[in-house]
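Asks: predicted structure and sequence below. I'll ask about it afterward.
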Amino acid sequence: MEPSATIFRFGPYESRPRARELYKHGLKLKVRPQPLQLLNLLLSRSGDVVTREELRERLWSADTFVDFEQSLNTSVKEMRAVLNDSAAEPNYIETLPRLGYRFIAPVEVIEPAANPKPSSYAEANAADLSQADEFFDAPPLDAGIAQAEPKGGPMPLAISLALILTIASGAYWLGTRSAAHRPPPAGKIMLAVLPFENLTGDAVQDYFSDGLTEEMIAQLGRLDPEHLGVIARTSVMHFKHTQEQLRQIGRELGVQYVLEGSVRRDSDKVRITAQLIQMKDESRVWGRQYDREQSSLLTLQGELSQEIGDEILVALGDHKHLGPTRQPLPLAKSYEAYDLYLKGRYFWNKRTPQSFQQAVQCFEESVTKDPGYARAYAGLADTYALMSVYDVGPSGELIPKARAAALKALALDEELAEAHVSLAVIAQDYDWDWQTAEKEYRRAIELDPNYATGHHWYAEHLAFLGRFDEALPEMRRAIQLDPLSLIIQADNGVFLYYSRQYEPAIAQFRAVLEMEPNFPRANIIAFAYVQEGRFADALADLEIWHPIGNNAFWLWNVQAYVYGRASQPVPAHRALATLQRLNRRQPIDPFAFVAPYIGLGDNDQAFAWLDKSLAAHSPGLTALKVDPIYDPLRSDPRFQPVLRRVGLAQ
């Protein structure tokens, strides 16, 4: 089959037959030639049936006829796996039994032009590398903001909200890949530690190379956080096994330097190579090979990360920015404990009821392996705290566990930023002690300015208080440190929603849902649709929302609210009745009943359930001051006393 210069786009994918490449959101995917040829043939006949005989004639030569059936089935299965498609409920490739296959999704066909333009953002950057120097040498974003601030006082709220809109609209990397395409702040060197490559030939050994990557990020982030920023693990792991060009990775992460390396283990020996690359000209600043005994893997990782960090400080010394190093993070006493901690954070980031349970299991096993490992206790505290926020269980049961774990972490290591953030979110969401929460957030950021979650949650704290002008730089910092984090990008949309910037919020949520269709936080898009009067879009979004486990009751909560606001009382009351049945079967957070009654215009019942929510210390009450849902209640004299009880009264 002769490759065509035509380009096919469908969903988040782009196929380029001539280059024999398939991309998703600008990232090149690994696909064998035969399945990719099959996909391109189906794309070229989108909507039509391509028979098995046609496929054999076009893609398989006569001498492979005997193995054709098995080869075809294997190719279809592989292509579905790449597209995350299902044979039973296909979104892309439909099977017509004993006949053939049909591509059923909409396809945009881009024919070659006389002077073809780049077909993707990644290609556009590669097509004009001369722009790179301008990017890395451009004036920092902070300077522009400083110039916009009027003399004699803080930035007005209107300007602040406009800046939030500007930053967040440009930040949703998921659709445009542009979130990190901005220069680092003045005086700050940004560095990404790319996943160390496992050269053992054994995929089972990935745990060691991944562990070394994580340890390097953690230790380098403590060297001189005032002047050296290190991208979080969540973002760099997107580039594990990637074929993307180094310069493009640097652009997407918004860094000036990249550290890359590899690991090889043979019997009792370990060989690690590392090199520091400057993105401006892709020049190698420093590189070295380390050969060590494998007597203690965990100690070896800590020693090497510190040694490599020292080498980097020397290599970057001409910047005259980097000061003395801080104490490295304490290591776990066993690699198993450390590995379980990493797995726990992986599940914690997924933000689903099932993944929270998996995170708890990993963190608990970690502290069993090493009862003195403070980071695992902090992870356990964060998980219990978020399980309360995401209604995985009663706050009265989860928060005491979260508090005990956070206090244990601080007893083991008072300078552990993660534990201070854990205490802050408990004080904020359950105690409504806003002063203590702010003190703990500030202490965490002081201890570790490179902890993305610290900036993220502190930004959320400031937004809850309506201090959007202060929330802006914190959220911007979180995005800079972890530009590919789904939860940070989703909460960026929440900030826009809180500040009444509904269209940009919808665009942000859509971008997140394209990457993770059932990511819970992004489903706030339904509320943004309601504020825009787009009730059909809100209901359509609910059709594809599949809450998991205990969280299923929120679907009925949102349905009742949306139908009520859409002036459809019959389905609204039907959804509310389902919610009430669920509550009789097993008590749920009373806060779940507030929005439905607001949607139905029954303010008396809304306030009755707000009172019950106050008694239960429902975490959802933290957004009372800024969430547009409560606008119909704000003029009621009963509303200010509720705000006062949550500590949010003006």
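Replies: Structure received.

Asks: C-terminal to the helix or strand containing Phe208, what's the next element?
Replies: Phe208 is part of helix 206-220 when elements are defined by DSSP states H and E. Towards the C-terminus, the helix or strand next in line after helix 206-220, according to DSSP H and E, is strand 228-230.

Asks: after that next one, heading C-terminal, what element do we hit next?
Replies: helix 233-236.

Asks: what is the mean pLDDT for that next one?
Replies: On average, the pLDDT along helix 233-236 is 86.

Asks: got the CA positions of the helix holding Phe208 in CSV?
Replies: Provided in CSV are the C-alpha atoms of helix 206-220 (Å, rounded to 0.1, in the frame of the first residue of the first chain):
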residue,chain,number,x,y,z
ASP,A,206,11.9,-0.9,35.6
TYR,A,207,11.3,-0.4,39.3
PHE,A,208,14.9,0.4,39.8
SER,A,209,15.3,2.9,37.0
ASP,A,210,11.9,4.5,38.0
GLY,A,211,13.0,4.6,41.6
LEU,A,212,16.3,6.3,40.7
THR,A,213,14.3,8.9,38.6
GLU,A,214,12.0,9.7,41.6
GLU,A,215,14.9,9.9,44.0
MET,A,216,16.8,12.3,41.7
ILE,A,217,13.7,14.5,41.4
ALA,A,218,13.2,14.6,45.2
GLN,A,219,16.9,15.2,46.0
LEU,A,220,17.5,17.8,43.3
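
Asks: quick one: stretch 430-448 to chain centroid distance?
Replies: How far stretch 430-448 lies from its chain's middle: 23 Å, per CA atoms, centre = their mean, to the nearest Å.

Asks: buried set for that stretch?
Replies: 430, 432, 434, 437-438, 440-441, 443-445, 447-448 (16 or more other CB atoms under 10 Å). Bear in mind the C-beta positions are built from the backbone N, C-alpha and C, glycine included.

Asks: so which of those are in helices?
Replies: Counting by DSSP state H, the buried residues of stretch 430-448 place 434, 437-438, 440-441, 443-445, 447 in helices.

Asks: ok, back up a step: could you export the buried residues of stretch 430-448 as CSV, including pLDDT and distance to Pro483?
Replies: Compiled in CSV, the buried residues of stretch 430-448 are given as follows (pLDDT from 0 to 100; distance: CB to CB, whole Å):
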residue, pLDDT, distance to Pro483
Tyr430, 91, 30
Trp432, 94, 32
Trp434, 96, 29
Ala437, 95, 26
Glu438, 96, 26
Glu440, 95, 25
Tyr441, 96, 21
Arg443, 95, 25
Ala444, 93, 20
Ile445, 94, 18
Leu447, 90, 23
Asp448, 89, 18
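
Asks: from Leu496, how far out is the nearest residue to Asn91 once chain neighbours are set aside?
Replies: In this structure, Asn91 finds its nearest non-sequential neighbour in Asp85, 5.6 Å apart by CB to CB, 6 or more residues apart in numbering. In this view, Asp85 and Leu496 are 32 Å apart by CB to CB, to the nearest Å.

Asks: so between those two, which is more surrounded?
Replies: Neighbours were counted for Asp85 and for Leu496 using other CB atoms under 10 Å; Leu496 has more, 25 against 16.

Asks: list the contacts for the most centrally placed residue in the chain?
Replies: The chain has Leu486 as the residue nearest its centroid, 1.8 Å off, counting by CA atoms, centre = their mean. Contacts for Leu486 (CB atoms under 8 Å, 6 or more residues apart in numbering) come out as 349, 351, 512, 515-516, 519, 521-522.

Asks: pLDDT of the strand or helix carrying Val494, averaged?
Replies: Here Val494, judged by DSSP H and E, is contained in helix 486-498. On average, the pLDDT along helix 486-498 is 92.

Asks: show the subsequent helix or strand relative to it.
Replies: Next helix or strand after helix 486-498 toward the C-terminus (DSSP H and E): helix 502-515.

Asks: hmm, who's touching the very next helix or strand once past that following helix?
Replies: The helix or strand immediately downstream of helix 502-515 is helix 525-531, counting by DSSP H and E. Residues from elsewhere that reach helix 525-531 (CB under 8 Å, 6+ apart): 493, 497, 500, 502, 505-506, 509-510, 513, 535, 537-538, 541-542, 545, 558, 561-562, 565-566, 628-629.

Asks: okay, helix 525-531 in CSV with CA atoms only?
Replies: Provided in CSV are the C-alpha atoms of helix 525-531 (Å, rounded to 0.1, in the frame of the first residue of the first chain):
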residue,chain,number,x,y,z
ILE,A,525,-18.1,20.9,33.6
ALA,A,526,-21.8,20.1,34.0
PHE,A,527,-22.1,23.0,36.5
ALA,A,528,-20.3,25.4,34.2
TYR,A,529,-22.7,24.4,31.4
VAL,A,530,-25.7,25.2,33.7
GLN,A,531,-24.3,28.7,34.4
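
Asks: picking up where we left off before, adding distance to His455, write the ones in helices among the buried residues of stretch 430-448 out as CSV.
Replies: Below are these laid out as CSV (distance: CB to CB, whole Å):
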residue, distance to His455
Trp434, 18
Ala437, 14
Glu438, 13
Glu440, 14
Tyr441, 9
Arg443, 13
Ala444, 9
Ile445, 7
Leu447, 13
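
Asks: relative to Leu407, which of these is nearest.
Replies: Taking CB to CB as the measure, Glu440 is the one of those closest to Leu407, at 11.9 Å.

Asks: so the closest one touches Asp431, yeah?
Replies: No - under the criterion of CB atoms under 8 Å, Glu440 is not in contact with Asp431, lying 11.2 Å apart.

Asks: in the stretch 151-300 of the chain, which spans are helices?
Replies: 157-171, 173-176, 206-220, 233-236, 246-253, 297-315 (DSSP state H, counting those that start in this stretch).

Asks: can you tell me which of the contacts of Leu486 has the most neighbours?
Replies: Counting neighbours by other CB under 10 Å, the top entry in the contacts of Leu486 is Ala522, with 28 neighbours.

Asks: now do that one against Phe509, distance only.
Replies: Distance, Ala522 to Phe509, using CB to CB: 5 Å.

Asks: swap in Asp429?
Replies: 22 Å.

Asks: also Ala623?
Replies: In terms of CB to CB, Ala623 sits 16 Å off from Phe509.

Asks: and if you look at Phe347?
Replies: Counting by CB to CB, the gap from Phe347 to Phe509 is 23 Å.

Asks: out of the two, which sits in the more crowded spot?
Replies: Using other CB under 10 Å as the criterion, Phe347 and Phe509 rank with Phe509 on top: 29 against 21.

Asks: tally of neighbours for the closest residue to the more buried one other than its chain neighbours?
Replies: Leaving aside its chain neighbours, Phe509 sits nearest to Ile525 (3.7 Å; criterion: CB to CB, 6+ apart). Ile525 has 25 neighbours, counted by other CB under 10 Å.

Asks: relative to Gln640, how far out is Ile525?
Replies: Distance from Ile525 to Gln640, by CB to CB: 30 Å.

Asks: kindly report the same for Phe519.
Replies: Note on Phe519: its distance to Gln640, by CB to CB, is 35 Å.

Asks: now Val494
Replies: 24 Å.

Asks: the more surrounded of these two?
Replies: Set Val494 next to Gln640 and count neighbours by other CB under 10 Å: Val494 wins out with 23 against 13.

Asks: give the contact list for that one.
Replies: 460, 463, 505, 521, 524.

Asks: quick one, what contacts the last one?
Replies: Residues counted as contacts of Ile524 (CB under 8 Å, 6+ apart) are 490, 493-494, 497, 509.

Asks: tabulate those residues (TSV), appending distance to Leu276.
Replies: What follows is the contacts of Ile524, written out as TSV (distance: CB to CB, whole Å):
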residue	distance to Leu276
Ala490	33
Gly493	35
Val494	37
Tyr497	41
Phe509	37
